[in-house]
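[1] Compute the structure for the input listed below.
(chains A and B)
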Amino acid sequence: MEEEITIRIKNLTKSFNGNKVLDGLDIDIKKGETLGILGKSGSGKSVFLKHLIGLMKPDSGQIYIGAIDIAPLAEEEISVIRRMLFGMLFQSGALLDSLTVAENVALPLREGTNLAEDKIDKKVKEKLELVGLKDIEEQMPDSLSGGMRRRVGLARALVMEPEIILYDEPTSGLDPIIANSINQMILEVKKLTGATSIVVTHDLNCINIIADRVGLLYDGKILAIDEKEKFMKSENPYVQQFIHGRIEGPIKIR
Amino acid sequence: MANNNEDSSFGRGIQKAGEVIILLLRTLYFSTLAHRNSKRIIQQIAEIGVDSVPMVSLMAIFTGMVMGLQAGHELLKFQAQEFLGVGVAATLVRELGPVLTGLIVAGRAGAAMTAEIGTMQVSEEVDALRSMAIDPIQYLIMPRFVAAIIVMPLLTILTDVLGISGGFLIGRAQLNIKLYDYIRHMIDFVTLKDFANGIVKSIVFGGIIATMACYHGLKTEGGARGVGKATTLSVVDSFLLILVSDYFITHILY
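    Numbers count the residues shown, from 1 in each chain, chains lettered A, B, ... in the order given. Coordinates of the predicted model:
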């Protein structure tokens, strides 16, 4: 059975100041799957994710979203694709400090649609409830905990009903209990929306709970990618070193 | 080797100039949508304008008073003290009003603008806006730009009025000049054209301050230190551009 590919990346390269962060990366992402990308800190996971949504431009390579290669597109054109397809949860939520929680979640609707205010309010409440938050609409982001900020960030990412959701280190810096609640929330969102989800993280527990397939990003390439169970049992020395956290092995510690 | 370095720093200068001009043009383009963003513009007017009033007032009164002191005693030698009003008003309205107000607004509001946008840049809030298909230039930069070019002429008028009043206070207290004499010659010699030219300068300075502040804010990288560096650069660039453009505007207008 041929599975539908939502995102296909071919030979993606990106350097910063002569330092190759992505070096010929290839990957296919299937429609409706949750793909976890593991990699050590500073391995270019966020850079990879930002290329998917056009926040960064590659030096070379193609990024097909459906049938469209977004790599050569202008910001305005990519913007249309983002509005139609994408939602992204940033590492620490990336909420705008000057707006309340409700205004943050409503932002994409207010700026990108002509929806009436009462409909916007209803949608904001609905999405906040979906991520397990109630009665915090009028609070300011700086009064929220790390876990709550991320929930609000996810509510904001969901408000445009995206088909593809990107998660940048959704659990980093959270205690195990809160981290797990975020993992459960990602599962819940997946069940309700059926969206294709891409999660970059170094948190194995997170991957174990949420991912269908797992890839390992190292040295600017995807070194191994497989169904989660097979990936965890893989004999690839890079994978084994990473999932067991060994100091000795092919992955260099810098 | 040295030649190479010069080339690259020259190249960087050209690149920076190009980037600033593109930012300015895009901001001007979005300024045609200002009416749809009136709430954010009013908020910025309050932040840039109203909050600058105490400092601008203090600066204006003391500048007027020191001019009263310096010029008054010189004029007294020629028994021409009733011309004090002309001296103070002409200097303020043509030059010192717009320039000093510009320097204060650049140091206060411009620095704050860079720090705010720079912090948003390093905490991924600017990327988050783009991920939601919201153009940061329309959402963040344009309201600040429009607010700055509205506020600067108003603050400059305040500087002119308070500076002239400060000059009179000293003239009255130390040289016994009557209000009628102080104003009579001023009206004869300081023309509407002088006033209008000063206002034109203040509008240009407002544009310079907002453009440089936002440019350096968006270019910020590397955490808290980066924000500090960007803020310094923003103030330095605004100061230099205000002083240099003041010469050229004066040259063109007179």
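
[2] burial measure for the residue nearest to residue A:57 when sequence neighbours are not counted, as a count.
    Excluding the flanking residues, the one nearest residue A:57 by CB to CB, 6 or more residues apart in numbering or on different chains is residue A:71, at 7.1 Å. (C-beta placed from N, C-alpha, C; glycine too.) Look at residue A:71: counted by other CB atoms under 10 Å in any protein chain shown, it has 19 neighbours.

[3] And for the one 4 residues further on?
    Residue A:75: 13 surrounding residues under other CB under 10 Å.

[4] ok now do it, which residues does it touch?
    Going by CB atoms under 8 Å, 6 or more residues apart in numbering or on different chains, residue A:75 touches A:54, B:130, B:135.

[5] Let me know whether my guess that the second one is in a helix holds.
    The one in question is residue B:130. Yes: per DSSP: H, G, I helix; E, B strand; the rest coil, residue B:130 lies within a helix segment.

[6] Show me what from chain B comes close to chain A.
    Those residues of chain B that sit near chain A, judged by CB under 8 Å from any CB of the partner chain, are B:120, B:123-125, B:127-135, B:139.

[7] Taking those residues, tell me the two that lie furthest apart.
    Farthest apart among the residues of chain B next to chain A by CB to CB are B:123 and B:133. That separation is 19.6 Å.

[8] mind listing the strands for the stretch 101-250 of chain A?
    A:164-168, A:196-201, A:213-218, A:221-227 (DSSP state E, counting those that start in this stretch).

[9] would a markdown table of these with mean pLDDT be doable?
    Output for these, formatted as a markdown table (pLDDT from 0 to 100):
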| stretch | mean pLDDT |
| --- | --- |
| strand A:164-168 | 96 |
| strand A:196-201 | 96 |
| strand A:213-218 | 95 |
| strand A:221-227 | 93 |
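
[10] does residue A:64 sit in a helix, a strand or a coil?
    Residue A:64 ends up strand, using three-state DSSP.

[11] so what's the residue nearest to it when sequence neighbours are not counted bridging to?
    Spatial nearest neighbour of residue A:64, excluding adjacent residues (CB to CB, 6+ apart): residue A:8 at 4.3 Å. Counting by DSSP bridges, residue A:8 is bridged to residue A:28, residue A:64.

[12] Tell me, how many residues neighbour residue A:8?
    Residue A:8: 16 neighbours (other CB under 10 Å).

[13] Give the full set of residues in contact with it.
    A:27-29, A:62, A:64 are the contacts of residue A:8 under CB under 8 Å, 6+ apart.

[14] Quickly name whichever of these is closest to chain B.
    residue A:29 (17.4 Å; CB to the nearest CB).

[15] The closest one contacts residue A:195, doesn't it?
    No: if you go by CB atoms under 8 Å, residue A:29 and residue A:195 don't touch, sitting 11.8 Å apart.

[16] tell me the helices in the stretch 101-250 of chain B, going along the chain?
    B:111-122, B:125-131, B:136, B:142-175, B:179-189, B:192-218, B:223-253 (DSSP state H, counting those that start in this stretch).

[17] If you drop the residues flanking it in sequence, what lies closest to the most centrally placed residue in chain B?
    Central residue of chain B (CA atoms, centre = their mean): residue B:102, 2.2 Å from the mean position. Spatial nearest neighbour of residue B:102, excluding adjacent residues (CB to CB, 6+ apart): residue B:205 at 3.6 Å.

[18] ditto for residue B:156
    Residue B:156's closest residue in space is residue B:202 (CB to CB, 6+ apart), at 3.9 Å.

[19] And the one you found, how close does it get to residue B:151?
    Distance, residue B:202 to residue B:151, by CB to CB, to the nearest Å: 9 Å.

[20] and what of residue B:110?
    Applying CB to CB to residue B:110 and residue B:151 gives a distance of 12 Å.

[21] Please apply the same query to residue A:18.
    44 Å.

[22] Which one of those two is surrounded by more residues?
    residue B:151 (26 against 5).

[23] That one touches residue B:48, doesn't it?
    Yes: at 5.0 Å, residue B:151 counts as touching residue B:48 under the criterion of CB under 8 Å.

[24] List, one by one, the residues from chain A near chain B.
    So chain A meets chain B at A:50, A:53, A:55, A:75, A:79-80, A:82-83, A:86-88, A:90-92, A:94-97, A:107-108, A:111-112, A:153, A:156-157, A:160 (CB under 8 Å from any CB).

[25] and those, which are buried?
    Those of these that meet the buried threshold are A:50, A:53, A:55, A:79, A:82-83, A:86-88, A:90-92, A:94-96, A:107-108, A:111-112, A:153, A:156-157, A:160, by 16 or more other CB atoms under 10 Å in any protein chain shown.

[26] Sort out which of the residues you listed are in helices and list them.
    A:50, A:79, A:82-83, A:107-108, A:111-112, A:153, A:156-157 (DSSP state H).

[27] got JSON lines for the helices of the stretch 101-250 of chain B, with mean pLDDT too?
    Formatted as JSON lines, those follow (pLDDT from 0 to 100):
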{"stretch": "helix B:111-122", "mean pLDDT": "96"}
{"stretch": "helix B:125-131", "mean pLDDT": "96"}
{"stretch": "helix B:136", "mean pLDDT": "96"}
{"stretch": "helix B:142-175", "mean pLDDT": "96"}
{"stretch": "helix B:179-189", "mean pLDDT": "90"}
{"stretch": "helix B:192-218", "mean pLDDT": "96"}
{"stretch": "helix B:223-253", "mean pLDDT": "96"}
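
[28] among those, which is nearest residue A:221?
    Among the helices of the stretch 101-250 of chain B, the nearest to residue A:221 by CB to CB is helix B:125-131 (24.1 Å).

[29] now for the helix or strand following the closest one, which elements pack on it?
    Helices and strands here follow DSSP states H and E; after helix B:125-131, the next one along the chain is helix B:136. Here helix B:136 touches helix B:125-131, going by 3 or more CB pairs under 8 Å, 6 or more residues apart in numbering or on different chains; DSSP states H and E.

[30] No more questions from me, cheers.
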